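A.B. asks: Provided below for reference: sequence and predicted model.
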Amino acid sequence: MSLLAIYDHPATTASSTAASTEQAIPDSHPQPKRISSDGAVIQAELAARGIGFQHWPAPVELSPHAEQAEILAAYAAEITRVQAEASYGTVDAIRMTPEHPDRAALRQKFLSEHTHGEDEVRFFVEGRGLFCLHIGDEVLQLVCEQNDWIRVPAGTRHWFDMGETPQFCAVRFFNNSEGWVAQFTGDPIAQGYPLLDQLIKAADTQ
Ligand SMILES: [Fe+2]
């Protein structure tokens, strides 16, 4: 189930309470001013801030651990629809598993706030991940799950958490021939907000 949490993040408090080490997790996190698992609410809140979000109906049952060609073929119609709105030169599918040898290093890299010179467009085929968007004086945390499609406009400050035991497969749309290129902001903002597993746990106990 998709989940959206929205927080106020006034500029004056940015990073001031961040932990001193990369591994440290604060004892307390800010409380969201709004939290919702309603797809229509999530889409409207994100649209109001320029973020594209859609929940695509699954066209087929993918076989377990489907390979890239099978995934892209299964979603060919949806990919064509996305391409009609904006042309993406490269479309691929990536998978992250709890056994991935580089999972810890990759997790830390994506946890650093960054921007891209192009839109970040992802469609989740399996599993889930946490997109965190820093827009003006707000932070939005969005748990994307299977069949969720998101478009984060170029230049949007954001970070991503794949969780302690990462498990997801996502179709990526690039219009940059160099693939994933990020500009890191150096702001440790991510350390002041829940990680994927913490947000899910908090939502479950509400
Ligand atoms: Fe990114």
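C.D. replies: Structure received. Numbering: from 1, shown residues only.

A.B. asks: ok, residues contacting stretch 89-109?
C.D. replies: If you take Cβ atoms under 8 Å, 6 or more residues apart in numbering as the criterion, stretch 89-109 is touched by 22, 65, 68, 71-72, 79, 83, 125-127, 161-163, 165-177, 179. Every residue, glycine included, has its C-beta placed from N, CA and C.

A.B. asks: what average pLDDT does the longest strand seen in the chain get?
C.D. replies: Selection of the longest strand in the chain by residue count, based on DSSP state E, yields strand 120-135. For strand 120-135, mean pLDDT is 95.

A.B. asks: I'd like the next helix or strand past that strand.
C.D. replies: strand 138-145 (DSSP states H and E).

A.B. asks: name the helices or strands packed onto that next one?
C.D. replies: In this structure, strand 138-145 packs against strand 3-8, helix 39-47, strand 120-135, helix 196-204, with contacts taken as 3 or more Cβ pairs under 8 Å, 6 or more residues apart in numbering; DSSP states H and E.

A.B. asks: let's have those in CSV, adding distance to residue 58.
C.D. replies: Shown next, in CSV, are the helices and strands packed on strand 138-145 (distance: least, Cβ to Cβ, whole Å):
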stretch, distance to residue 58
strand 3-8, 19
helix 39-47, 14
strand 120-135, 9
helix 196-204, 22
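
A.B. asks: run a quick neighbour tally on the closest residue to residue 11 other than its chain neighbours.
C.D. replies: Nearest residue to residue 11 in three dimensions, chain neighbours excluded: residue 137, at 6.2 Å (Cβ to Cβ, 6 or more residues apart in numbering). Other residues near residue 137 number 13, with proximity taken as other Cβ atoms under 10 Å.

A.B. asks: isn't residue 137 right next to residue 10, touching?
C.D. replies: Yes - between residue 137 and residue 10 there is a contact at 5.3 Å, judged by Cβ atoms under 8 Å.
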